[in-house]
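In: model this:
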Amino acid sequence: MKKLILTAAALALSTGFAMADTVRMGTEGAYPPYNFINDKGEVDGFERELGDLLCEKAGLTCEWVTNEWDSIIPNLLSGNYDTIIAGMSITDERMETIDFTQNYIPPAASAYAALSADADLSGVVAAQVGTIQADYVAKSGATLLEFATLDDTVAAVKNGEADAVFADKDALAPFVGSDMSWAGDDVPLGGGVGIGMRKSDAELKGKFDAVITEMKADGSLNAMIKKWFGDEATVF
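Out: Residues are numbered from 1 along each chain as shown. A predicted model of the protein is given here:
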């Protein structure tokens, strides 16, 4: 559900994954409920539960690595971890640089949230840097105000720096309530969320794809989505 614009030529590396090794799962740790750091200082959330299960079913040993969002693709290509499982939307632009498994979250809505439902969505709109939402705002005619994290974008609305925030609707939902409202219409973006990996790691991609296919067929993936995103979440 996020998009990072990169110069593919500058990042084309040949680093590969050896199937006998531990799979290092790279995530942001700052995008609940997809991924976050819990009170024990551990990676938690939907993608932690899903990633651990994928590894178990694929017969792999996995460990978790956190990385800031704006450098998450370069550090995958540099070999600092083997996958990106961090709420990342599958886009044609990203696929010029990295590969993806099939989606484990179907295409879902992005939305605006503001202090009032009639906020000016053509004014200043906050979005997380390097996301498909930031790209959309930049092309919409509104003034884009980018921040490093989702929390920062919401804070910008609350402190008056921005008229609205634009992000994944399911990620914004916990912030909408007594002091924030949905504004405008939902906007469908992206091709769903998948696991990003180096193009050289076709064998690893195949293992994860096989398990995701199995989980879609038996309904367990839909059940996990509803557990973390609610009964109204978009499912397969």
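
In: Which element is encountered next along the chain beyond the lowest-mean-pLDDT helix or strand in the chain?
Out: Ranked by mean pLDDT, DSSP states H and E, the weakest helix or strand in the chain is helix 8-11, scoring a mean of 38. Later in the chain than helix 8-11, the nearest helix or strand by DSSP states H and E is strand 23-27.

In: Contacts for the next helix or strand along the chain from that next one, please.
Out: Reading on from strand 23-27 to the C-terminus, the next helix or strand found by DSSP H and E is strand 30-31. Residues outside strand 30-31 that contact it (C-beta atoms under 8 Å, 6 or more residues apart in numbering): Phe36, Ile37, Gly45, Trp69, Ala86, Gly87, Thr149, Leu150, Asp151, Ala171. Bear in mind the C-beta positions are built from the backbone N, C-alpha and C, glycine included.

In: of those, buried ones?
Out: Neighbour-count burial (16 or more other C-beta atoms under 10 Å) is assigned, among the contacts of strand 30-31, to Phe36, Ile37, Gly45, Trp69, Ala86, Gly87, Leu150, Ala171.

In: Quickly name whichever of those is closest to Leu115.
Out: Leu150 (17.0 Å; C-beta to C-beta).

In: Dihedrals phi and psi, that closest one?
Out: Backbone torsions for Leu150, taken as degrees, to the nearest 10, come to phi -60, psi -40.

In: With Ile84 instead?
Out: Phi and psi for Ile84, reported as degrees, to the nearest 10, are phi -120, psi 120.

In: shouldn't it be in contact with Ser71?
Out: No. Judged on C-beta atoms under 8 Å, Ile84 makes no contact with Ser71 at a distance of 11.2 Å.

In: the more surrounded of these two?
Out: Ranked by neighbour count (other C-beta atoms under 10 Å), Ile84 and Ser71 place Ile84 first, with 27 against 14.

In: ok, the more buried one - contacts?
Out: Ile84 neighbours (C-beta under 8 Å, 6+ apart): Gly26, Thr27, Ile72, Ile73, Leu76, Ile98, Ile195, Gly196, Met197.

In: What sits closest to it if chain neighbours are left out?
Out: Gly196 (3.6 Å; C-beta to C-beta, 6 or more residues apart in numbering).

In: What's opposite the one you found in the beta bridge?
Out: On the basis of DSSP bridges, Gly196 is bridged to Ile84, Phe100.

In: can you offset everything so residue one is 766?
Out: All set: I'll call the first residue 766, so the last point we hit is now Gly961.

In: Distance of it relative to Thr787?
Out: 18 Å (C-beta to C-beta, to the nearest Å).

In: And Asp900, by the same measure?
Out: With distances taken as C-beta to C-beta, Asp900 is found 34 Å from Thr787.

In: Next: Ala975.
Out: As judged by C-beta to C-beta, Ala975 and Thr787 stand 19 Å apart.

In: what do you get for Glu911?
Out: Relative to Thr787, and taking C-beta to C-beta, Glu911 is found at 34 Å.

In: which one of the two has more residues nearby?
Out: Glu911 (19 against 13).

In: How about the contacts made by the more buried one?
Out: Ala891, Ala892, Gln893, Val894, Ala899.

In: The same query, at a cut-off of 10 Å, please.
Out: 835, 890-896, 898-899, 902-903, 917-918, 921 (C-beta atoms under 10 Å, 6 or more residues apart in numbering).

In: Narrow these to those that are buried.
Out: Burial by neighbour count, judged by 16+ other C-beta under 10 Å, picks out 890-896, 898-899, 902, 917-918, 921 from these.
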